[in-house]
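Enquirer: Here is a sequence together with a model predicted from it:
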Amino acid sequence: MVNKTDTGLLRNHIQQFIALNDEEWSLLATHLSEKTIQKNDFFAEDGKTAKLVGFLLEGSLRQFYIKNQEERTTYFYFENHLVSSYFSCITGKPSALNIQALADTRMLVFNYDHLRQLFKISHKWETFARLVAEYLALGLEDRMVGLLTLSPEERYEQLLSSNKQKIIQRIPQQYIANYLGITPVSLSRIRNRFLKK
């Protein structure tokens, strides 16, 4: 049985995108289940087709790609975030990314195929999917522009001044360095320069 408090958190999150009445909400709510992921286990894996969308209740996750045996971190997920290998869910193709738990993690999950069915019977859910896609596109563009146009020091400064303080507070330094596209030694030097300012 899924906890009503947990489903309420998900409903509140979704209602940042669309307003739902009880009947519209129940179309998804009846298909929710709880999933726990132990630290270092995976929610999505490179080469495996993803089917689930999660809503993070407790814990943290890291999204990364592997290229030439090197990990490249692109995103972190914390409480009250939707999480999925969306490209894999949408296309039915194997995921190109990994999403790994950095701590013991608890989430609500639903099958993307069920959400796709809702598009056919509810304009509200179709609108939700479009708005989430727009939100993701904006985030990807912002991330890409930062990596291509900012120096490592500027990227670190942007991280410090952003609304992403949980990254600074809860993520190990080696993963922050990887996320910024620098080595842990370079991150340590940049941090020391900032502390002296």
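Expert: Here it is on my side, so go on.

Enquirer: going forward, measure contacts between C-alpha atoms and count neighbours the same way
Expert: Noted.

Enquirer: mind checking which helix or strand residue 147 is in?
Expert: helix 123-149 (DSSP states H and E).

Enquirer: and if you look at residue 56?
Expert: Residue 56 belongs to strand 52-58, assigned by DSSP H and E.

Enquirer: what's the model's confidence in that strand, averaged?
Expert: The predicted model assigns strand 52-58 a mean pLDDT of 96.

Enquirer: Give the buried residues for that strand.
Expert: 52, 53, 54, 55, 56, 57 (16 or more other C-alpha atoms under 10 Å).

Enquirer: Which neighbours in the sheet does it have, and how are they oriented?
Expert: When pairs are called by DSSP bridges, strand 52-58 turns out to pair with strand 82-83 (antiparallel), strand 105-111 (antiparallel).

Enquirer: and stretch 142-149, C-alpha only, in PDB?
Expert: Extracted in PDB, the C-alpha atoms of stretch 142-149 (Å, rounded to 0.1, in the frame of the first residue of the first chain):
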ATOM      1  CA  ASP A 142      21.500  25.700 -19.600                       C
ATOM      2  CA  ARG A 143      23.800  22.800 -18.700                       C
ATOM      3  CA  MET A 144      25.300  22.700 -22.200                       C
ATOM      4  CA  VAL A 145      25.800  26.400 -22.400                       C
ATOM      5  CA  GLY A 146      27.600  26.400 -19.000                       C
ATOM      6  CA  LEU A 147      30.000  23.600 -20.100                       C
ATOM      7  CA  LEU A 148      30.800  25.200 -23.400                       C
ATOM      8  CA  THR A 149      31.100  28.800 -22.500                       C
END
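
Enquirer: what residues does it touch?
Expert: For stretch 142-149, the external contacting residues (C-alpha atoms under 8 Å, 6 or more residues apart in numbering) are 155, 180, 181.

Enquirer: Which pLDDT value goes with the first one?
Expert: I take that to be residue 155. pLDDT at residue 155 comes out at 89.

Enquirer: Can you tell me the element it falls in?
Expert: Taking DSSP H and E as the criterion, residue 155 maps to helix 152-161.

Enquirer: ok, residues contacting stretch 72-88?
Expert: Stretch 72-88 is contacted by residues 9-10, 13, 43-44, 49-66, 93-97, 99, 166-167, 175, 178-179, 181 when judged by C-alpha under 8 Å, 6+ apart.

Enquirer: Out of those, name the ones that lie in helices.
Expert: Per DSSP state H, helices hold the following members of the contacts of stretch 72-88: 9, 10, 13, 166, 167, 175, 178, 179.

Enquirer: quick one on the thing from earlier: for the buried residues of strand 52-58, give me a markdown table that also has distance to residue 70.
Expert: Below are these laid out as a markdown table (distance: C-alpha to C-alpha, whole Å):
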| residue | distance to residue 70 |
| --- | --- |
| 52 | 26 |
| 53 | 26 |
| 54 | 26 |
| 55 | 28 |
| 56 | 27 |
| 57 | 30 |
